[in-house]
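Visitor: heads up, no residue letters with this:
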């Protein structure tokens, strides 16, 4: 009887493994940007609006300024009570620009986050 209980105790966790998110805030933000770029390139509007808040500054920027040659690299990010704030660089036809952004948790997004703040400056 003990052997049977031990067997079930060992098999149970194998079928209900919990995957913990061990990515840094910087990696999470870079992943979010990569998903956004992919959704734009694929013209997947449903996915895009799960990743970016509709009508936000980020939404306006991506609609007005984005092109496929543009690359966005996250330099630093910090998680503050579930809101990830980051600083990065946009490299493209206009040279290099600095961007500050923020994303919060979202149950609708496949990444678990949604970008809601975006501010671009011309100085890098």
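Guide: Done, it's in. Small disclaimer: the values here were computed from a predicted structure and weren't measured. Residues are numbered from 1 along each chain as shown.
Visitor: following the biggest helix by length in the chain, which helix or strand shows up next?
Guide: Assignment by DSSP state H gives helix 25-41 as the longest helix of the chain. With elements assigned by DSSP states H and E, the helix or strand that comes after helix 25-41 is helix 45-51.
Visitor: I'd like the distance from that next one to the chain centre, please.
Guide: Chain-centre distance of helix 45-51: 12 Å, with C-alpha atoms, centre = their mean, to the nearest Å.
Visitor: And stretch 43-58, by the same measure?
Guide: Relative to its chain's centre, stretch 43-58 lies at 12 Å (C-alpha atoms, centre = their mean).
Visitor: Quick check: buried residues in that stretch?
Guide: 47-53, 56-58 (16 or more other C-beta atoms under 10 Å). Glycine gets a C-beta too; all of them are placed from N, C-alpha and C.
Visitor: Show the contacting residues for the residue positioned nearest the centre of the chain.
Guide: By C-alpha atoms, centre = their mean, the chain has its centre lying nearest to residue 32, at 2.0 Å. Contact partners of residue 32, counting by C-beta atoms under 8 Å, 6 or more residues apart in numbering, are 51, 103, 111, 113, 115.
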